[in-house]
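Colleague: predicted model, plus sequence, below.
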Amino acid sequence: MQLKSILLVTGLSVFAFTACNGQKKMDKNAALKTEMDTVSYSLGVNIGNNLKGQGFGDINIAAMMKAMEDVMGDKTLSISEEEANTLIQAYFASMMEKKATEGRAAGEAFLAENAKKAGVTTTASGLQYEVLTMGEGAKPVATDKVTVHYHGTLTDGKVFDSSVDRGEPASFPLNGVITGWTEALQLMPVGSKFRIFLPSDLAYGERGAGQLIGPHATLIFEVELLSIDK
């Protein structure tokens, strides 16, 4: 998690706390009577969802509220602001490392089982593919530009990108995409449709991509080669 995101969450928390007018504690069954009551509660919903989505599902709310009370009351802090930032960054670095390790292990286990399935071929690089339709056209080379339809998912079936869903094929230089695509598409005659399974080293590696593709994620694509665009 970037420090900017951490500060955003912290800033929202402080703003919500300030809005509670005198740091009043609201009984969970109390009515939200005023506009500021509802705004304060809404900010709490926003902050809670934000924190939960960033890996703080088991956060110690009492400790967090105590820190907010200390800050807003100008009390001596148990942990300084500088130390707090260092601890948060260290926590996220550790969490990302753990996720990366788990992601790699899960991907390797998936690919090991997948390789045993009938119709799945594994290349020297670790790329796996399954022929769904074999075309009769020419095969592209790495310097060609191609047009394809594709549907990309994680190993749990979650879709992260799909030209099929958008209803618009994609065109790109074959040597300008991830390594696994460059290799796989050169195996496909025009008109072919393959299902390809990419180890993270042939995809986005330790950096991942976007919100859905985590570090060392194994990716699955159904790819149809529509044309070679010289």
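Modeller: Yep, it's here. Residues are numbered from 1 along each chain as shown.
Colleague: okay, CA-based contacts and neighbour counts for the rest of this
Modeller: Will do.
Colleague: where do the helices sit along the protein?
Modeller: For the chain, the helices defined by DSSP state H cover 3-18, 35-53, 61-72, 81-114, 163-166, 179-185.
Colleague: least reliable of these going by mean pLDDT?
Modeller: Ranked by mean pLDDT, the helices of the chain bottom out at helix 3-18, with a mean of 44.
Colleague: for Pro215, which of the helices of the chain is the nearest?
Modeller: For those, proximity to Pro215 was assessed by C-alpha to C-alpha; helix 81-114 is nearest, at 5.0 Å.
Colleague: can you tell me how far Val131 is from Ser227?
Modeller: Using C-alpha to C-alpha, to the nearest Å, Val131 is found at 17 Å from Ser227.
Colleague: more neighbours: which of the two?
Modeller: Per other C-alpha atoms under 10 Å, whichever of Val131 and Ser227 has more neighbours is Ser227, with 19 against 16.
Colleague: that one reaches Val190, doesn't it?
Modeller: Yes - under the criterion of C-alpha atoms under 8 Å, Ser227 makes contact with Val190 at 5.8 Å.
Colleague: if we can go back for a sec, looking at the helices of the chain, which is closest to Ala124?
Modeller: So among the helices of the chain, helix 179-185 is nearest, using C-alpha to C-alpha, at 10.8 Å.
Colleague: surely Pro199 meets Ala105?
Modeller: No - using C-alpha under 8 Å, Pro199 is not in contact with Ala105; the gap is 10.9 Å.
Colleague: looking at the two, which is more packed in?
Modeller: Pro199 (24 against 14).
Colleague: please report how far the residue nearest to the more buried one when sequence neighbours are not counted lies from Gly107.
Modeller: Take Pro199 and drop its neighbours on the chain: the residue closest to it by C-alpha to C-alpha, 6 or more residues apart in numbering is Thr218, 4.8 Å away. Distance, Thr218 to Gly107, using C-alpha to C-alpha: 5 Å.
Colleague: shared neighbours of the two, anything?
Modeller: 155, 199-200 (C-alpha atoms under 8 Å, 6 or more residues apart in numbering).
Colleague: just the pLDDT at the nearest residue to Val120 once chain neighbours are set aside, thanks.
Modeller: Excluding the flanking residues, the one nearest Val120 by C-alpha to C-alpha, 6+ apart is Glu130, at 4.8 Å. The pLDDT attached to Glu130 in the predicted structure is 98.
Colleague: run through the bridge partners of Glu130.
Modeller: Val120, Arg195 (DSSP bridges).
Colleague: start at 58 instead
Modeller: With 58 as the first residue, the last one maps to Glu187.
Colleague: in this structure it contacts Ile253, no?
Modeller: Yes - contact criterion C-alpha under 8 Å: Glu187 and Ile253 qualify, at 6.4 Å.
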